[in-house]
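Colleague: structure for this input, please:
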Amino acid sequence: MRKLLLIPSIVLFLFASSSVITQKTKKTNNCNITNTSVKSCIIRIEATGEGVVPCSGACSTAQARVMARRAAILDAYKALAEKMYGIKINGRDTVKNMILQNSNLRAYVYGLIRGAQIEEEDFKNGIYSVVLSVKLDVREWNRYLTDEKICTTK
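Modeller: Reported below is the predicted structural model:
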């Protein structure tokens, strides 16, 4: 009698666990995201930029604040481009008699960002902070990167 009760419970357990496994590994909307709670392939990328009020060169405090805001926005755009496209780094070291004489590093970012929006702005103690975000469709972004060969330019 115990064997008869044990067999249906094992079959029920195996059926329940196999349905959970198929739900976790199935793809949603041909997207590489495996989380079943995700309904679309839209992701939001966020970056922060900071700009400092210039010490000289500004005619007024209002102009200095606007210049700091613009610097913060450009810094946030650069940070977004770094996240989306990556950074190209060139390095050069000069060694003489086994002693480092000179070391140079240069970082390059090349990219196009459309549709970015300012989420937050803050100005405290002469520092302007901006949080910028952009929404991307993962499928379209992957297609863009493979079609345009953006990684090999410059």
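
Colleague: neighbours around residue 129, how many?
Modeller: 18 (other Cβ atoms under 10 Å). No exception for glycine: its C-beta is placed from N, CA and C like everyone else's.

Colleague: same question for residue 116.
Modeller: Residues near residue 116, counting by other Cβ under 10 Å, number 17.

Colleague: and if you look at residue 87?
Modeller: Residue 87 has 12 neighbouring residues, counting by other Cβ under 10 Å.

Colleague: same thing with residue 92?
Modeller: When neighbours are counted by other Cβ under 10 Å, residue 92 comes out with 9.

Colleague: let me see the ranges of the strands in this protein.
Modeller: According to DSSP state E, the chain carries its strands in the segments 42-52, 88-96, 99-108, 117-124, 127-137.

Colleague: with residue 74 as the reference, name the closest of those strands.
Modeller: strand 42-52 (6.9 Å; Cβ to Cβ).

Colleague: list the buried residues for that closest one?
Modeller: 45, 47, 49, 51 (16 or more other Cβ atoms under 10 Å).

Colleague: next one, pLDDT for the third one please.
Modeller: Turning to residue 49, the model gives it a pLDDT of 96.

Colleague: report the beta-bridge partners for it.
Modeller: residue 130 (DSSP bridges).

Colleague: distance to residue 59 added to the buried residues of strand 42-52, as TSV?
Modeller: Shown next, in TSV, are those (distance: Cβ to Cβ, whole Å):
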residue	distance to residue 59
45	36
47	30
49	24
51	17
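
Colleague: before we move on, back to that, columns distance to residue 73 on top of the strands of the chain, output as CSV?
Modeller: Listed next are the strands of the chain as CSV, based on distance: least, Cβ to Cβ, whole Å:
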stretch, distance to residue 73
strand 42-52, 6
strand 88-96, 23
strand 99-108, 19
strand 117-124, 7
strand 127-137, 5
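
Colleague: of all these, which lies closest to residue 69?
Modeller: Closest among the strands of the chain, using Cβ to Cβ: strand 127-137, at 4.9 Å.

Colleague: for that closest one, buried residues please.
Modeller: Going by neighbour count (16+ other Cβ under 10 Å), the buried part of strand 127-137 is 128, 129, 130, 131, 132, 133, 134, 136.

Colleague: quick check: which ranges of the protein have low pLDDT?
Modeller: Residue ranges of the chain with pLDDT under 70: 1-40, 58, 148-154.

Colleague: repeat the analysis, applying 50 as the threshold.
Modeller: 1-29, 33-38, 150-154 (pLDDT under 50).

Colleague: many thanks, I have nothing further to ask.
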